[in-house]
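**Student:** Predicted coordinates and the sequence they were generated for:
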Amino acid sequence: MSSAGIGIAAAGSAGVSVSGLARAERWILVGSALGVCGLAWIVLSNGVVGSSPSVVTATGMWLLMMVAMMMPATLPWLLAMGTLSKPSLGGGSLPGASVGLFTVGYFSVWLAFGVVGATLQLGLRGVGVLGTELALAAPLGGLVLAAGGLYQMSAFKAACLRHCRNPMSFFLSRWRNGPVGALGMGFSHGVFCLGCCWALMLLGFVLGLMNLVWMAVLTVVVCIENLAPRGPAVSRALGIGLILLGVVVVIAG
């Protein structure tokens with residue numbers, strides 16, 4: 001660990017938790033994050049993206065989807081970041097600024113994913129395999145479901161999920177002070193988070209990209225995977241369910 005992280009490591013070894021933030025700071029942080037999340041849900045529910053979007057508007061839709069679905073599971077990371085960035089713990093910067101930069105770095109990864117998703121969406125729409133509901137028909141949809149289920153049970157998924165469930169371990173081993181450090185840590189976490197959840201996000205191509213019901217369900221799934229005591233077991237069970245559902249869809253199609 002670099003010398004910049006010595007104070008953070010010492011704080012972590014002493015058992016620092018999010019209680020290191022003042023109550024007002026915690027409320028402001030949680031309220032701001034949930035407010036951004038809620039705004040994303042409101043915009044998506046109003047159907048601001050047309051049926052034939054450009055790559056720019058489609059990318060915007062994807063980014064809003066990622067903010068809406070990933071922000072709740074990211075809250076423990078933002079709280080830990082805010083706590084450890086306090087000058088009194090060796091973080092050397094204002095908690096609010098560090099959390100903001102961490103969030104920007106984190107969602108920059110999902111923005112890149114959104115560009116890929118938007119390009120894939122428009123390409124599939126162009127060749128006529130993505131219907132008016134922005135969903136793939138069987139049997140192709142079944143294959144996507146089964147592939148998503150297989151990934152849920154992979155060792156790579158498990159490794160990324162272990163990272164996402166342990167924010168303090170990540171910060172204590174990779175802490176970097178300053179604005180660039182906050183951005184970099186956010187980006188690094190975003191890469192792991194993408195590795196954990198990308199297959200779930202692509203299920204939208206089967207369930208409907210603008211279907212708010214499946215988005216809400218997957219939001220709950222991501223939160224359970226990342227926050228619940230038996231999250232990894234739930235993740236594997238979901239994988240089995242997706243494989244079985246995919247097989248049924250392929251046979252029925």
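**Tutor:** Good, I have the coordinates. Numbers count the residues shown, from 1 in each chain.
**Student:** From the contact counts, what lies against the host helix or strand of A68?
**Tutor:** For A68, the element it lies in under DSSP states H and E is helix 55-84. If contacts are counted by 3 or more CB pairs under 8 Å, 6 or more residues apart in numbering; DSSP states H and E, helix 55-84 sits against helix 6-13, helix 23-45, helix 95-126, helix 167-174, helix 178-202, helix 212-227. In this view, the C-beta of every residue, glycine as well, is placed from N, C-alpha and C.
**Student:** List the buried residues in that helix.
**Tutor:** Buried residues in helix 55-84, counted by 16 or more other CB atoms under 10 Å: 58-84.
**Student:** Could you do stretch 218-229 as well?
**Tutor:** So, applying 16+ other CB under 10 Å, buried residues of stretch 218-229: L218, T219, V221, V222, C223, I224, E225, N226.
**Student:** just checking, the third one touches A199?
**Tutor:** No - using CB atoms under 8 Å as the test, V221 is too far from A199 to be in contact (11.5 Å).
**Student:** what's the burial count for G47?
**Tutor:** 11 (other CB atoms under 10 Å).
**Student:** That one: what secondary structure?
**Tutor:** coil (DSSP: H, G, I helix; E, B strand; the rest coil).
**Student:** can you pull the contacts of it?
**Tutor:** Listed by CB atoms under 8 Å, 6 or more residues apart in numbering, the contact set of G47 reads M210.
**Student:** if I look at it, how far off is T119?
**Tutor:** 21 Å (CB to CB, to the nearest Å).
**Student:** Check L183 too.
**Tutor:** 25 Å.
**Student:** same deal with V144?
**Tutor:** 17 Å.
**Student:** More neighbours: which of the two?
**Tutor:** Comparing V144 with T119 by neighbour count (other CB under 10 Å), the higher total belongs to V144, at 21 against 14.
**Student:** In contact with the more buried one, which residues?
**Tutor:** Residues in contact with V144, defined by CB under 8 Å, 6+ apart, are L136, L202, L203, F205, V206, G246.
**Student:** Please pull out the lowest mean pLDDT helix or strand from this protein.
**Tutor:** Lowest on mean pLDDT, DSSP states H and E among the helices and strands of the chain sits helix 6-13, with a mean of 43.
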